[in-house]
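Colleague: model this:
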Amino acid sequence: MNHSPADRPADLPADDPAGDVGDRPADSPADHSGSRPADGPAKDPGDRPAACPVGAPELFTWEFATDPYPAYAWLREHSPVHRTALPSGVEAWLVTRYADARQALADGRLSKNPAHHAEPAHAKGKTGIPGERKAELMTHLLNIDPPDHTRLRRLVSKAFTPRRVAAFAPRVQELTDRLIDRFITEGKADLIHDFAFPLPIYAICDLLGVPREDQDDFRDWAGMMIRHGGGPRGGVARSVKKMRGYLAELIHRKRENPGDDLISGLIRASDHGEHLTENEAAAMAFILLFAGFETTVNLIGNGVYALLRNPVQRERLHLSLDAGETGLLETGIEELLRYDGPVELATWRFATEPLTLGGQDIAAGDPVLVVLAAADRDPERFENPDTLDLARRDNQHLGYGHGIHYCLGAPLARLEGQTALATLLRRLPDLRLAVEPTDLRWRGGLIMRGLRTLPVEFAPGVPTTRGDALSTL
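Modeller: Below you'll find the model as predicted:
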């Protein structure tokens with residue numbers, strides 16, 4: 001199942017994000033590279049090359065990025081724990097069956113710490129967020145194991161509480177309405193650029209306590225992070241460095257003048273007298289921001305697209321919302337996460353000892369990638385898995401991860417997703433695709449799954465906010 005660089009989507013990133021706030025959605029941010037062809041020498045052919053079962057589908061092409069589910073169905077049936085060479089040159093195991101995926105996500109022998117990767121020289125630095133090592137941002141929940149993970153998660157949980165997220169609901173609704181107000185009179189929009197991207201970045205900035213006058217900088221840095229190969233080489237690492245410098249300054253200001261925001265909460269958080277260090281606070285703020293926006297961009301984009309492609313389900317949800325009901329919206333968000341979720345693969349894990357997974361022997365030091373998108377379409381676990389059913393009740397999907405790395409940001413993701421979809425359906429009832437589905441392009445990436453653009457049309461409407469208020473969020 002090897003592939004040539006020529007067959008690979010041109011912008012499969014070296015810069016893709018995802019995982020713990022994210023295995024997100026678990027303690028998650030965004031990726032983790034593994035996607036560009038290796039710059040260094042090829043691996044020794046005798047060094048356990050990836051097996052290629054007869055009939056194996058091609059991975060990491062544009063066709064695969066558009067619809068990976070047939071390939072994942074083949075892997076589930078014929079090679080459920082499958083060793084392959086990634087576009088970066090790194091070899092890893094892909095876990096595709098639900099039972100194996102759930103086991104792997106909770107298996108303590110699979111470490112989140114990249115130090116356990118038995119990586120060859122040409123793979124150095126290709127299994128994490130570009131620039132995070134140099135920016136001293138490694139001490140976050142995506143990269144550590146117990147007991148450090150236990151301590152950090154406990155401290156962060158004291159600040160990032162469900163109560164704080166629930167109290168944030170009015171601001172999310174305000175942002176949602178104001179963003180729609182900006183394009184509702186036009187009768188058309190790109191829902192990714194105009195709505196799904198700015199909503200979570202402004203929301204997480206507000207939650208963290210980033211001043212309004214600085215939030216456009218964060219939007220620029222975040223935009224570079226999800227442009228992947230479409231941006232200048234090294235752009236992600238430079239954006240990470242700029243964000244790290246800004247967070248250090250902001251944390252210093254919050255120590256002097258704390259507020260009722262998440263960064264101030266992280267600084268105040270204490271467990272038996274122990275506090276987050278400066279680097280830990282910066283790394284956690286970074287990962288919450290990084291994980292907190294691209295997953296929601298994709299949840300909204302993929303979710304709206306799925307509803308537009310399934311008009312019966314969309315109409316069912318619309319009628320439910322018109323009747324003042326929320327039950328179908330709540331189960332619907334979970335189903336959209338299962339059906340075509342924002343995180344395609346959970347972030348990197350590394351075997352700390354030889355182990356067997358799904359009948360396959362895995363050597364110590366080998367990278368393991370759990371394919372959430374494949375596991376959540378497993379017919380052994382879900383009835384009619386390729387059918388979108390917003391009322392699905394037996395839906396223990398893995399979109400938020402499982403085990404100790406279960407998504408810390410799940411309540412925020414649910415809030416933003418439910419608010420965005422409900423408001424779009426209410427205010428743009430005749431929303432429709434402005435292009436053929438075959439004209440849409442998916443962002444290349446290893447961890448995340450999301451559309452580049454989502455052009456839509458609708459009958460022009462009236463803004464809820466008038467005058468100068470439209471120019472600010």
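
Colleague: can you give me the helices for the stretch 1-150 of the chain?
Modeller: 62-66, 69-78, 98-106, 148-159 (DSSP state H, counting those that start in this stretch).

Colleague: comparing those, which gets the lowest mean pLDDT score?
Modeller: The weakest mean pLDDT among the helices of the stretch 1-150 of the chain belongs to helix 148-159, with a mean of 85.

Colleague: other SSEs contacting the lowest-mean-pLDDT helix or strand in the chain?
Modeller: Of all helical and strand segments in the chain, the minimum by mean pLDDT, DSSP states H and E falls on helix 215-227, at a mean of 78. Other helices and strands packing on helix 215-227, by 3 or more CB pairs under 8 Å, 6 or more residues apart in numbering; DSSP states H and E, are helix 198-208, helix 235-256, helix 278-309. Quick note: C-beta positions are derived from backbone N, CA and C, even for glycine.

Colleague: thinking again about what came up before, quick check: which of the helices of the stretch 1-150 of the chain is buried the most?
Modeller: Counting by mean count of other CB atoms under 10 Å, helix 98-106 has the highest mean neighbour count of those, with a mean of 21.

Colleague: re earlier: any chance of the helices of the stretch 1-150 of the chain in TSV, plus distance to Gly409?
Modeller: Output for the helices of the stretch 1-150 of the chain, formatted as TSV (distance: least, CB to CB, whole Å):
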stretch	distance to Gly409
helix 62-66	25
helix 69-78	25
helix 98-106	16
helix 148-159	10
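
Colleague: Would you tell me which of those helices gets closest to Asn310?
Modeller: Across these, Asn310 has its closest neighbour in helix 69-78 (14.8 Å, CB to CB).

Colleague: How far off centre is the closest one?
Modeller: Here helix 69-78 is found 22 Å from its chain centre; the criterion is CA atoms, centre = their mean, to the nearest Å.

Colleague: Hmm, Ala65 is touching Leu446, no?
Modeller: No. Look at Ala65 against Leu446 with CB atoms under 8 Å: they stay out of range, at 10.4 Å.

Colleague: The spatially closest residue to Pro258 that is not a sequence neighbour and Phe183, how far apart?
Modeller: Using CB to CB, 6 or more residues apart in numbering and skipping residues adjacent in sequence, the residue nearest Pro258 is Ser264, 3.9 Å away. The spacing between Ser264 and Phe183, counted by CB to CB, to the nearest Å, is 34 Å.

Colleague: same check, this time on Val165
Modeller: For Val165, the distance to Phe183 - CB to CB - is 27 Å.

Colleague: Can you check what pLDDT the model gives the residue nearest the centre of the chain?
Modeller: Nearest to the mean C-alpha position of the chain, counting by CA atoms, centre = their mean, stands Thr295 at 3.3 Å. pLDDT, Thr295: 90.

Colleague: my read: it touches Ala346, true?
Modeller: No. In this structure, Thr295 is not within contact of Ala346 by CB under 8 Å, at 12.0 Å.

Colleague: low pLDDT regions in the protein?
Modeller: 1-52, 118-140, 225-235, 270-272, 466-472 (pLDDT under 70).

Colleague: mind running it again at 50?
Modeller: By pLDDT under 50, the low-scoring segments of the chain are 1-50, 121-122, 131-132, 134-136, 228-230, 469-470.

Colleague: Which parts of it are strands?
Modeller: Secondary structure of the chain by DSSP state E: the strands cover 81-85, 91-95, 110-111, 188-190, 349-351, 355-357, 360-362, 367-370, 432-433, 455-457.

Colleague: ok, now which ones touch Arg426?
Modeller: Arg426 is in contact with Leu321, counting by CB atoms under 8 Å, 6 or more residues apart in numbering.

Colleague: mind checking how far Val90 is from Glu457?
Modeller: Counting by CB to CB, the separation of Val90 from Glu457 is 42 Å.

Colleague: More neighbours: these two, which one.
Modeller: In this view Val90 and Glu457 are compared by other CB atoms under 10 Å, and Val90 has more residues nearby, 25 against 16.
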